[in-house]
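Trainee: Quick one, what's the 3D model for this:
(one chain, ligands or ions: 1)
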Amino acid sequence: MLNDEELERYARHLVLREVGGVGQARIRKARVLIVGAGGLGSPAALYLAAAGIGKLGLVDDDTVSLSNLQRQILFRTADIGRSKAEAGAQALNALNPGVAVEIHATRLTAANVTGLIEGYDIIADGTDNFATRFLLNDACFFARKTLVSAAVTEFEGQLATYKGHEPGLPCYRCLFAEPPPPGTVANCSETGVLGAAAGVMGSLQALEMLKEAAGLGTGLSGKILTYKALSAEFRTARLPKDPACPLCGPHPAIRNLGAHPGAT
Ligand SMILES: [Zn+2]
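Mentor: Residues are numbered from 1 along each chain as shown. Below is the predicted model:
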C-alpha cells in the first residue's frame, strides 16, 4: 500500500490506467543498477528516482570533472572533484528520499560484476567502453538479469533490451559477437557528443526500465531502437537471436567470465 505522501508524489502515475496503484507498487519493489553515472546514466537515474523505483544502485569509479557537466545532469558545478557515485546518490536522495540509493564507487571487473548485479533485477548499461559492455552482457546472461543497454555518440544513439537467457531473445553478442579491436572505435572524449542527445537516450533507457519494472506495454527485447538527432529520426528494427551467438546460442563458446580481463 502507498502512503499519503506517495499518493500525492506519484499522482500523475496513479491516474494512468496502465500504471495505477499496482504498477506504482511494482515500481517501488523494483531494484535497478545503473552502470556508468555519465551522460546516459544521469538522466536515467533522475527519472528512475523521480518515478519512485525502490532500490537504485550507481556504479562509477570516476570523479566529476568540468567537461562532464555539458551532459551529465546529475551533477552541479560544485560537485567537480567529487565521486560521481557519491555526488549522484546525494542528488537522487534530494530528489526522492523514498528511494534507497546504493553507492558502488568501483570499476566493474570480472571479479566483482556478479556480486554487484546480484541484488538487482534490471541492469542499465550506460558505459563508454566496449570491455565493460561485453563484461556486463555476459554477467547479466549468466545471472539471468534483464539488461537495458543504451549508447550514444556524436548525434546518434541506440537502445535495446537484452534477455539472452530467455528462449528466442537476443543478447548483446547477438548484435556484436566480439569487442572491436582496441583503438578502432573512438570514444566520446575523442568524437564529442551533443548533451541533449545523450539525454534523449538516457531518458528512453529509464522509460524502458520502468516498463520492465511495471509490466507496461511492449519492451525492446528482440528489437533495437536507433535515433538520429540531426534528422530527428527514430527507427526500430528487429534484432533476432543469433543461432551462432558465442554466448546465448545453442553451442556457446563462452561458458563463464574467464576470458574477461581480471577474471579470477
Ligand atoms: Zn546472444
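Trainee: host element of Leu207?
Mentor: helix 195-214 (DSSP states H and E).
Trainee: ok but Val148 is inside a helix, no?
Mentor: No: Val148: not assigned to a helix; according to DSSP: H, G, I helix; E, B strand; the rest coil it is strand.
Trainee: Report the backbone C-alpha coordinates of the helix holding Leu207 in CSV.
Mentor: The C-alpha coordinates for helix 195-214 follow below in CSV (Å, rounded to 0.1, in the frame of the first residue of the first chain):
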residue,chain,number,x,y,z
GLY,A,195,24.5,16.6,-24.5
ALA,A,196,20.8,16.6,-25.2
ALA,A,197,21.2,13.5,-27.5
ALA,A,198,22.6,11.6,-24.5
GLY,A,199,19.6,13.0,-22.5
VAL,A,200,17.2,11.5,-25.1
MET,A,201,18.8,8.1,-25.0
GLY,A,202,19.1,8.0,-21.1
SER,A,203,15.5,9.1,-20.7
LEU,A,204,14.4,6.3,-23.1
GLN,A,205,16.5,3.9,-21.2
ALA,A,206,14.8,4.9,-17.9
LEU,A,207,11.4,4.6,-19.7
GLU,A,208,12.1,1.0,-20.9
MET,A,209,13.3,0.1,-17.4
LEU,A,210,10.1,1.4,-15.9
LYS,A,211,8.1,-0.6,-18.5
GLU,A,212,10.1,-3.7,-17.5
ALA,A,213,9.5,-3.0,-13.8
ALA,A,214,5.8,-2.2,-14.0
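Trainee: Which positions within that helix qualify as buried?
Mentor: 195, 197-214 (16 or more other Cβ atoms under 10 Å). To be clear about C-beta, it is placed using only N, CA and C from the backbone, and glycine gets the same treatment.
Trainee: Would you mind pulling up the elements that that helix packs against?
Mentor: helix 20-29, helix 41-50, strand 122-125, strand 146-153, strand 156-162, strand 223-228 (3 or more Cβ pairs under 8 Å, 6 or more residues apart in numbering; DSSP states H and E).
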